[in-house]
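S.K.: sharing a model prediction with you, sequence too.
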Amino acid sequence: MPDAATTFEVREHSEQIRVIGIKGDITAGSEDVLMDAYARASGDGVRAIVLSFTELDYMNSGGIGLLVTLLVRAQRQRQRVLAFGLSDHYRQIFELTRLDEAVGIHDSEEEALAAAR
Amino acid sequence: MNEQSEQQAAARDAASWAKSVSHLNVSEVPEGALNLNVEGRRLASPIQGFGKMWQKTYQVRLPSERVSASEVIVTWKQRFPDFWPDGNRFYAPLTGIEPGEVALLNMTLPGRMKLSTGVMVLYADEESFTLMTPQGHMFAGWITFSATELDGETVAQAQVLMRASDPIYEVGLALGGHRQEDRFWEHTLTGLAAAFEQEVEVDTQVVCVDRKRQWSKWRNVWHSAAIRSTLHTLGAPGRIARNWLRQS
């Protein structure tokens, strides 16, 4: 079921780097909007996708599954995936699910962008 | 959302997820179960797996005027082992399907090979629950069981996101393992529907999310629960003889 409360805003930081701002909830119902945001973010020459979690309200295990799928798509395009703005709770979830081994996690947008360059 | 409701939502969210653990710990081993491949193991997501990445979705549709989504999840959690096919055993944790609990499993693989493994409850709330596999399990990933009400129907769903853990399991999946897994979850969902006196067809959808194998993960074979379970079985006569000699 689509989650109307969720929005994914795509920002162009540079030719190689795009930022996807996640606002609301990420659940299995967010698949279409998240993959649409990734498609908009992922143009020719994009080498890094930076996910902003500063406005994330809630994420369940279906949402983590979607992030794994996004990661696979990005890896296919030889893009790195980075993240910032995760609360301590969701940092722990990334560690628990070992998503942190494939997604670079940073404290701030500046750090994530610096790492993406 | 005001501050109080935000705090309530955060607390509910935190309560639904397992606490972070580096290695699994089995608090109690039920009679008949074997804690050979779970204690001390790390969890393994599809990122750590070897084979192609698959998303498999199994669904049954029940009339929502007879069965609500919350009833489905309550029943599924309470009677989870009852719906498994013969020859496979899920040793439910004493506290039930709760976040962070570890369950031991005895499975039968193609060729009647026995395998002892386990799962951890990664996430559980009133609408869904997710089980995640440890290193050595035949697949690296998780399976989410959920129920939603949509257009007068309650849709009960099991969705697997996984890669075969190592090259041997990858071959096994290609040689009948996928079909066996499909039958396994179709049997489970048929049993769940039967618990509500419904006879329904299972809708199965299989998507290959990533066709690439992660060759850098071939070393996962060292953790293989299948190999360790087989060696354990082959060593049984020796253990019996040693115990007998010790006692006499």
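M.R.: Yep, that arrived.
S.K.: run through the residues of chain A sitting next to chain B.
M.R.: By the rule C-beta under 8 Å from any C-beta of the partner chain, the part of chain A lying against chain B is A:1, A:28, A:57-62, A:65, A:68-69, A:71-72, A:76, A:89, A:92-93, A:95-99, A:101-102. Where you see a C-beta, it was placed from the backbone N, CA and C, and this is true even at glycine.
S.K.: strands of the chain, start to end?
M.R.: Here I'm looking at chain A. A:7-12, A:17-26, A:48-59, A:80-84, A:104-106 (DSSP state E).
S.K.: that answer is for a different chain, and I need it for chain B
M.R.: Per DSSP E, chain B carries strands over the ranges B:53-63, B:89-91, B:102-108, B:114-124, B:128-132, B:139-150, B:153-164, B:203-210.
S.K.: can you put those in a markdown table and add mean neighbour count and distance to A:G24?
M.R.: Putting the strands of chain B into a markdown table (neighbours: other C-beta atoms under 10 Å in any protein chain shown; distance: least, C-beta to C-beta, whole Å) gives the following:
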| stretch | mean neighbour count | distance to A:G24 |
| --- | --- | --- |
| strand B:53-63 | 20 | 23 |
| strand B:89-91 | 19 | 35 |
| strand B:102-108 | 21 | 32 |
| strand B:114-124 | 23 | 18 |
| strand B:128-132 | 25 | 18 |
| strand B:139-150 | 23 | 18 |
| strand B:153-164 | 24 | 22 |
| strand B:203-210 | 14 | 24 |
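S.K.: same list, those, but as CSV with mean pLDDT and distance to chain A please.
M.R.: Formatted as CSV, the strands of chain B follow (pLDDT from 0 to 100; distance: least, C-beta to the nearest C-beta, whole Å):
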stretch, mean pLDDT, distance to chain A
strand B:53-63, 96, 6
strand B:89-91, 92, 19
strand B:102-108, 89, 13
strand B:114-124, 91, 4
strand B:128-132, 95, 4
strand B:139-150, 94, 5
strand B:153-164, 96, 5
strand B:203-210, 95, 5
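S.K.: distance to B:G191 added to those, as TSV?
M.R.: As requested, the strands of chain B are arranged in TSV below (distance: least, C-beta to C-beta, whole Å):
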stretch	distance to B:G191
strand B:53-63	10
strand B:89-91	12
strand B:102-108	17
strand B:114-124	18
strand B:128-132	17
strand B:139-150	13
strand B:153-164	11
strand B:203-210	15
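S.K.: what's the closest of those strands to A:A116?
M.R.: Nearest to A:A116 among the strands of chain B is strand B:203-210; the distance by C-beta to C-beta comes to 22.6 Å.
S.K.: the longest helix seen in chain B packs against which elements?
M.R.: If you go by DSSP state H, chain B has its longest helix at helix B:178-195. Applying 3 or more C-beta pairs under 8 Å, 6 or more residues apart in numbering or on different chains; DSSP states H and E, one finds that helix B:178-195 contacts strand B:53-63, helix B:69-78, strand B:153-164, strand B:203-210.
S.K.: is it possible to export these to TSV including distance to A:V33?
M.R.: Below are those laid out as TSV (distance: least, C-beta to C-beta, whole Å):
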stretch	distance to A:V33
strand B:53-63	18
helix B:69-78	22
strand B:153-164	18
strand B:203-210	18
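S.K.: any of the residues of chain A next to chain B buried? List them.
M.R.: With neighbours counted by 16 or more other C-beta atoms under 10 Å in any protein chain shown, those contain buried members at A:28, A:57-62, A:65, A:68-69, A:71-72, A:92-93, A:95-99, A:102.
S.K.: local confidence estimate at B:V29?
M.R.: For B:V29, the pLDDT comes out at 87.
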